[in-house]
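S.K.: the following comprises the amino acid sequence and a computationally predicted model.
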Amino acid sequence: MPNVPHTSGAFGDLLDIRFQEIFEDNLPQLNDMLPELYSFVPTNGRDTMTWSETGAYGDWGFFDGSVDYDAVSQGYDSTLTPKELASGMQVERKLFDDDQYHIMDQRPAGLATAYTRTRQKHGARILNNMFSVDTLFYNNSEGVALCSDSHTTTSGASTANGFDNVITSAFTATSLSTARNQMWDFRNDRADIIDINPDEIWFPDEIFDKVFEVVESMGKVDTAENNRNVHHGAYTMKQWRRMTDANNWALVDSTMRKRMLFWTDRIPVEFAFAEDLDTIIAKWRGYARYGMCPVNWRWINGANVS
């Protein structure tokens with residue numbers, strides 16, 4: 001654990017003029033992927049945000065002299081609760097004044113870098129935890145994982161078909177077809193087929209070569225025939241280094257994703273500075289409050305590779 005606060009005794013190198021240069025934490029950071037995954041929505045001053053659903057109407061019957069009236073079912077609720085995050089740093093006045101390389105003068109910017117990294121990790125939770133019930137930022141009254149073979153409906157319709165959005169196959173052209181066909185069979189709350197168009201593949205670094213071959217090859221992969229590859233150009237590749245499982249991947253309908261996966265910055269990141277009068281210790285702190293929430297599962301089909 002680093003020493004808190006930063007003092008001259010702990011950072012003698014910064015006071016030694018014999019060093020040619022001392023580097024700060026200037027390693028390149030990963031790209032911000034949150035805008036590519038989430039739809040950003042305002043909280044309008046609320047400490048929680050709740051979405052609900054109503055179901056579909058059934059098929060029309062033949063008119064036999066009187067109208068058969070129908071009613072929709074109340075669906076599940078999804079509640080997002082933004083979490084508070086904070087971090088800070090302290091620097092001894094003497095160290096700040098005598099720092100020959102101005103490292104401590106640049107360290108507050110490091111808090112911003114750490115915030116961005118933390119936010120990306122939280123954003124990746126939706127994919128890293130898609131096979132478990134994750135309640136850190138949200139709760140859904142259905143009570144099952146985002147990707148599950150146990151989805152339910154409040155309408156009383158059969159869930160025997162079209163309510164399973166998880167497969168267990170490693171990424172191949174065949175498993176991609178399986179995942180696509182499974183999404184084409186997704187049903188609404190009354191078990192009627194809906195129009196799903198899977199067009200994105202989200203995956204970790206480790207399977208980049210496999211995904212690239214399947215999506216970019218003109219012909220079928222690893223076959224001697226010159227058959228056309230049905231997957232060529234059909235999907236946008238979404239490689240994300242924040243995905244922590246080396247084998248898991250997900251097939252996504254981008255249009256549905258934008259309508260069903262939300263991020264909110266309840267309080268955008270802010271920074272403040274103060275100096276303690278008695279100890280003459282300078283303090284910088286950062287604060288933010290944010291959260292994310294999926295309001296339906298039908299935008300994604302996850303591969304939980306065993």
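M.R.: Here it is on my side, so go on.
S.K.: alpha carbons only for contacts and neighbour counts from here, please
M.R.: Fine.
S.K.: hey, what's Phe273 bridged with?
M.R.: Beta bridges link Phe273 to Trp284 when assigned by DSSP bridges.
S.K.: quick one, helices of the stretch 101-250 of the chain?
M.R.: Using DSSP state H, counting those that start in this stretch, the helices of the stretch 101-250 of the chain run over 103-128, 173-184, 208-216.
S.K.: save those helices as TSV, and put in mean pLDDT and mean neighbour count too.
M.R.: As requested, these are arranged in TSV below (pLDDT from 0 to 100; neighbours: other CA atoms under 10 Å):
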stretch	mean pLDDT	mean neighbour count
helix 103-128	83	17
helix 173-184	97	18
helix 208-216	96	17
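S.K.: quick one: closest of these to Ala71.
M.R.: Nearest to Ala71 among the helices of the stretch 101-250 of the chain is helix 173-184; the distance by CA to CA comes to 25.9 Å.
S.K.: taking helix 208-216 as reference, get the angle to that closest one.
M.R.: Angle of helix 173-184 versus helix 208-216, following axes from the mean of the first three to the mean of the last three CA atoms, to 10 degrees, is 70 degrees.
S.K.: give me the pLDDT value at the residue of the chain positioned farthest from its centre.
M.R.: The centre of the chain is farthest from one residue, Gly65, which by CA atoms, centre = their mean lies 52.6 Å away. Note on Gly65: pLDDT of 95.
S.K.: repeat for Lys238
M.R.: Confidence for Lys238, expressed as pLDDT, is 98.
S.K.: would you turn the helices of the stretch 101-250 of the chain into CSV with distance to Met260?
M.R.: CSV is the format used below for the helices of the stretch 101-250 of the chain (distance: least, CA to CA, whole Å):
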stretch, distance to Met260
helix 103-128, 12
helix 173-184, 16
helix 208-216, 25
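S.K.: ok, which stretches of this structure are strands?
M.R.: Ranges of strands in the chain, per DSSP state E, are 39-40, 49-51, 78-80, 83-92, 138-140, 166-167, 200-203, 236-239, 249-252, 261-275, 281-294, 300-303.
S.K.: which residues touch the longest one?
M.R.: When contacts are taken as CA atoms under 8 Å, 6 or more residues apart in numbering, the neighbours of strand 261-275 outside the stretch itself are 37-43, 45, 47, 82, 281-296.
S.K.: which of those residues are buried? Put it as a PyMOL command.
M.R.: To isolate the buried subset of those in PyMOL, counting by 16 or more other CA atoms under 10 Å, use the following:
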select buried, resi 37+38+39+43+82+281+282+283+284+285+286+287+288+289+290+291+292+293+294+295+296
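S.K.: and stretch 64-74, what's buried?
M.R.: Under 16+ other CA under 10 Å, the buried positions of stretch 64-74 are Ser73.
S.K.: need the CA coordinates for that stretch. CSV is fine.
M.R.: C-alpha atoms of stretch 64-74 as CSV (Å, rounded to 0.1, in the frame of the first residue of the first chain):
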residue,chain,number,x,y,z
ASP,A,64,-68.5,-13.3,-35.1
GLY,A,65,-70.9,-10.5,-34.2
SER,A,66,-69.1,-9.2,-31.1
VAL,A,67,-65.6,-7.9,-30.4
ASP,A,68,-63.2,-10.0,-28.3
TYR,A,69,-61.4,-7.5,-26.1
ASP,A,70,-57.8,-8.1,-25.2
ALA,A,71,-55.4,-6.6,-22.5
VAL,A,72,-51.7,-6.5,-22.2
SER,A,73,-49.7,-7.8,-19.2
GLN,A,74,-47.6,-5.8,-16.8
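S.K.: for that stretch, the distance to its chain's centre please.
M.R.: Centroid separation for stretch 64-74 versus its chain: 40 Å, with CA atoms, centre = their mean, to the nearest Å.
S.K.: how about the strands of the chain in TSV, adding distance to Gly58?
M.R.: Formatted as TSV, those follow (distance: least, CA to CA, whole Å):
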stretch	distance to Gly58
strand 39-40	30
strand 49-51	23
strand 78-80	24
strand 83-92	40
strand 138-140	25
strand 166-167	27
strand 200-203	31
strand 236-239	34
strand 249-252	27
strand 261-275	26
strand 281-294	26
strand 300-303	25
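S.K.: between the ones you listed, which one is nearest to Met218?
M.R.: Of those, nearest to Met218 by CA to CA is strand 236-239, at 15.4 Å.
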